[in-house]
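In: what's the 3D shape of this:
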Amino acid sequence: MEKSCTLVVHFDKGTPALANEIKEALEGNDVAAKIDALKKAIMLLLNGETIPQLFITIIRYVLPSEDHTIQKLLLLYLEIIDKTDSRGKVLPEMILICQNLRNNLQHPNEYIRGVTLRFLCRLNESEIIEPLIPSILSNLEHRHPFVRRNAVLAVMSVYKLPQGEQLLDSAPEIVDKFLSSEQDPSSKRNAFLMLFSCAQDRAINYLFAHIDRIIDWGEQLQMVVLELIRKVCRSNKGEKGKYIKIIIALLNASSTAVIYECASTLVSLSSAPTAIRAAASTYCQLLLSQSDNNVKLIVLDRLSELKSSNREIMVEMVMDVLRALSTPNHDIRRKTLDIALELITPRNIDEVVMMLKKEVVKTQSGEHEKNGEYRQMLVQAIHTCAIKFPEVASTVVHLLMDFLGDTNVASAMDVVVFVREIIETNPKLRISIITRLLDTFYQIRAARVCSCALWIIGEYCLSLSEVESGIATIKQCLGDLPFYTITEDGDGQEASKPIQQVNSTTVSSRRPAILADGTYATQSAALETAMSPPTLVQGSLSSIGNLRSLILSGDFFLGAVVACTLTKLVLRLEEVQTSKVEVNKATTQALLILVSMLQLGQSSVLPHPIDNDSYDRIVLCIRLLCNTGDEIRKIWLESCRQSFVKMLADKQRRETEEIKAKAQISNAQPDDLIDFYHLKSRKGMSQLELEDEVQDDLKRATGEFTKDGDDANKLNRILQLTGFSDPVYAEAYVTVHHYDIVLDVTVINRTKETLQNLCLELATMGDLKLVERPQNYTLAPESSKQIKANIKVSSTETGVIFGNIVYETSSNVLERTVIVLNDIHIDIMDYISPASCADVAFRTMWAEFEWENKVAVNTVLQDEREFLTHIIKSTNMKCLTPPSALEGECGFLAANLYAKSVFGEDALVNVSIEKQADGKLSGYIRIRSKTQGIALSLGDKITLKQKGTA
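Out: Residues are numbered from 1 along each chain as shown. The predicted model follows:
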């Protein structure tokens, strides 16, 4: 068993020093050589060497030295040498150093006294310390604070020794007297710490005797006071009220560390609204005053925890929290918005939206490179506010429509999706939104945003003027027809020029795109990151028209959307326009545009011809315009809108169901006792104490105190490590915290003999690390022992803990018995939890993540949805595909699953299965993640669990 070590020094093993060389240097008169030799001797001792012959040399030649560095090194040397023999008795030669230590404790130099006192704190041999006690106590009255503060620590360490109370029985009284007269903050802190550790009642008496001056105490002493309060309140809940008043007083301290600790202590001890409000206010104050981003993130985490347990109090703080948006860091901004969005109410919604609008306007100045990303976050936040409180939509929708032409495509896409939802849910805004959209349509630069905007124009232009404006806007953005002309040489003349200009900023993409159901589709379209600011392109785009330039770059999916929109507008024009001549004129113009697009798609001017899907859609539009029927008109003008309304209703229903499911969790049993606080005695209780009592009663009534006691779940986590017939029986209770695993191992001696030096030796595989060395224990016959082992976790992957129990029996000390333990498999399911993310974010991550694990479906289950449910349950993931998309019987199912690990890693899963003719399921489950561990571990889990039950 290796010794415990109180200091670590780097040592290069390549050049070991020889004992003789060290001895010669120590015997010489050169101070620098002596220092160097002492350092080498300490390094050798720390690395397991034993140099017994040096001890006498050091006593003779080093002990008398007056040099401070030598004296400091001498104390380090004395700290690490063996002071006892094999039986635990102090070596006789150690008496030689006692006199030297006494001299040092009476030395005229305060540094020598201080370091000697600090050395005594690390001595465990009471035989050496006993003769030095009078000298230690005399140093409590030394003029220099450095000596006094170390003297107090020495008194504390002596008192804590196994025989400490006999050696220095009056220590608490001496330190109490010292504390009342001491002025140095550091010495006071050490003295109070001594009373806190060894005589808690005296510490409490001192605290209440000086309660008025607590705010003027030093930061270190205030921290120890908070630690004392936490300890006392945990053991004696009845006296909580008077201590909470002290904490609230300390919230006005000058140190930010003390303020933070006060707020954390308040939240952990009390549920009284006054206390929680004070803590929340303190956190908000720290959020604004601290410049360190890490501190801000920690404070936001604390505010997030408060939000989940005390939402009604946090609602009052929402504007204070939002002030953190002034920090340029995106992680802080994202966290701030997440907290604020869960705190919006009818009372504060106007203020919150006003703040978000101001932030959106600020992003227009191009000072910060990530303004587009921040604007996207703000748009999503405003979208959430407008869905929860539709009345605020009118105040923000027009401002946001200015960003439809944003160079950040994701941000522009969020804006157009927001507009699409608001125009349906707020019919009063329809006319103003359509007018504004038609005015700003020419500014839109991205194909995806254009497609969505065209759909809105096609569905919501209802009056004659709107329909005519819609057709005119599309014609203007498409420019003059034809799209290209054939010269005598057979080259495309007009198209070639725009292609060069556009292709300078857009790249034709033939890589697979991921559709909403997770399957692949090949697209040949301009990447949406295009249309960026170079002046040549801006000029050319505005002169050509955005739709024309995108179609000329080969985006025929957009061409098909233009065709569908024109068809809808012409069909609606037939309903609202009385003049047949005008209708026929619009129809022929639309037909000319569609035919021109087909002509362009089939020409040799573009590098890629039109794809079949877009071709079929444009041809369908041409047929429809040539021959319209009432049934077809109804499908085109009504069914699309109805599908959209149904999608919004489905989304709303899912959100409502989630809220209901959360609300239905029962926290208390119906036959629990209720404590009526009105009947309680209020004598001598302050308002804060009353509030705290009431909140405790409420917590008891709602079951918050007993929520963790899930006994059935605990039993599932007990693992048997040895067999029932083994001489030592062991079982482990595994607790998985975020970043560490605690093994609580119960070891039972089943023999009639005493087991000596029993040691639980563990080893790990995977990203698991043991934190501490195993200890040796002695186990009496038929007795048991609880052994705790901590293991650190650094990433999400399946790990294995294996090991054995080694012991000696009292009958045969020479022979060690080894019992091999069963392996403990740490399940990945303990680290991942279901989470939600937008379809766009899912597809982006799917394209970016490099690790993919493909698992073939092999199951006895024969129903697709039953298999999907089984996979969701087995992997602890959330299905992002809405239930409506999984309905119906088609023999095929594709769904996306998503989860997040405690380390912030994303796990993406796509399930694609098909029912074969023989009724069996076939297909693949694809897992993608940024790290290899999570992809492999999830794959193993699915392979193990997917078979299901017959």
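
In: what number of residues lie near residue 576?
Out: Around residue 576 sit 15 other residues, with neighbours defined as other Cβ atoms under 10 Å. In short, each C-beta sits where N, CA and C put it, glycine included.

In: what does residue 119 give?
Out: Each residue near residue 119 was counted by other Cβ under 10 Å, and the total is 20.

In: Please apply the same query to residue 644.
Out: Residue neighbour count, defined by other Cβ under 10 Å, stands at 15 for residue 644.

In: and it, that one's in a helix?
Out: Yes: with the criterion set as DSSP: H, G, I helix; E, B strand; the rest coil, the secondary structure at residue 644 is a helix.

In: Distance of it relative to residue 478?
Out: Distance from residue 644 to residue 478, counting by Cβ to Cβ, to the nearest Å: 25 Å.

In: Residue 370 now?
Out: If you measure residue 370 against residue 478 using Cβ to Cβ, the figure is 35 Å.

In: same check, this time on residue 71
Out: Counting by Cβ to Cβ - residue 71 and residue 478 are separated by 91 Å.

In: Also residue 142?
Out: Counting by Cβ to Cβ - residue 142 and residue 478 are separated by 93 Å.

In: The two - which one has more neighbours?
Out: The residue with the greater number of neighbours, taking residue 142 and residue 478 and applying other Cβ under 10 Å, is residue 478; the counts read 21 against 17.

In: quick one: contacts for the more buried one?
Out: For residue 478, the contacting residues are 545, 547, 548, 551, 562, 593, by Cβ atoms under 8 Å, 6 or more residues apart in numbering.

In: which SS state does the fourth one fall under?
Out: Put simply, residue 551 is helix when judged by three-state DSSP.

In: any weak-confidence spans in the stretch 101-250 of the chain?
Out: In the prediction, the stretch 101-250 of the chain carries residues with pLDDT under 70 at positions 238.

In: Which residue ranges of it form helices?
Out: Taking DSSP state H, counting those that start in this stretch, the helices of the stretch 101-250 of the chain run over residues 110-120, 126-129, 133-138, 145-160, 164-167, 171-181, 185-198, 200-209, 219-235, 240-250.

In: okay, the angle between the last one and helix 219-235?
Out: So the one you mean is helix 240-250. Note on geometry: by axes from the mean of the first three to the mean of the last three Cα atoms, to 10 degrees, helix 240-250 and helix 219-235 are set 160 degrees apart in direction.

In: which parts of helix 240-250 are buried?
Out: Taking 16 or more other Cβ atoms under 10 Å as the basis for neighbour counts, the residues of helix 240-250 that come out buried are 240, 241, 243, 244, 246, 247, 248, 250.

In: repeat for the third one
Out: Within helix 133-138, the residues that count as buried by 16+ other Cβ under 10 Å are 133, 135, 136, 137.

In: min pLDDT across the contacts of residue 478, which one?
Out: When the contacts of residue 478 are sorted by pLDDT, the bottom entry is residue 545 at 70.

In: Around that one, count how many other residues there are.
Out: Other residues near residue 545 number 20, with proximity taken as other Cβ under 10 Å.

In: pretty sure it contacts residue 443?
Out: No: with contacts defined as Cβ atoms under 8 Å, residue 545 does not count as touching residue 443, sitting 11.4 Å away.

In: Name all residues that make contact with residue 396.
Out: Shown here is residue 396, whose contacts under the criterion Cβ under 8 Å, 6+ apart are 353, 356, 357, 382, 385, 386.

In: and with 10 Å instead?
Out: Contacts of residue 396 were listed using Cβ atoms under 10 Å, 6 or more residues apart in numbering, and they are 353, 354, 356, 357, 360, 379, 382, 383, 385, 386, 418, 422.

In: Over to residue 339?
Out: Under the criterion of Cβ under 10 Å, 6+ apart, the contact partners of residue 339 comprise 300, 301, 303, 304, 306, 307, 314, 317, 318, 321, 322, 324.

In: try it again with 7 Å
Out: In this structure, residue 339 makes contact with 300, 303, 304, 307, 321, judged by Cβ atoms under 7 Å, 6 or more residues apart in numbering.

In: Could you do residue 591 as well?
Out: If you count contacts by Cβ under 7 Å, 6+ apart, then residue 591 has 622, 625 around it.

In: what's the spacing between it and residue 780?
Out: Here the criterion is Cβ to Cβ. By it, residue 591 lies 98 Å from residue 780.

In: Also residue 452?
Out: As defined by Cβ to Cβ, residue 452 lies at a distance of 76 Å from residue 780.
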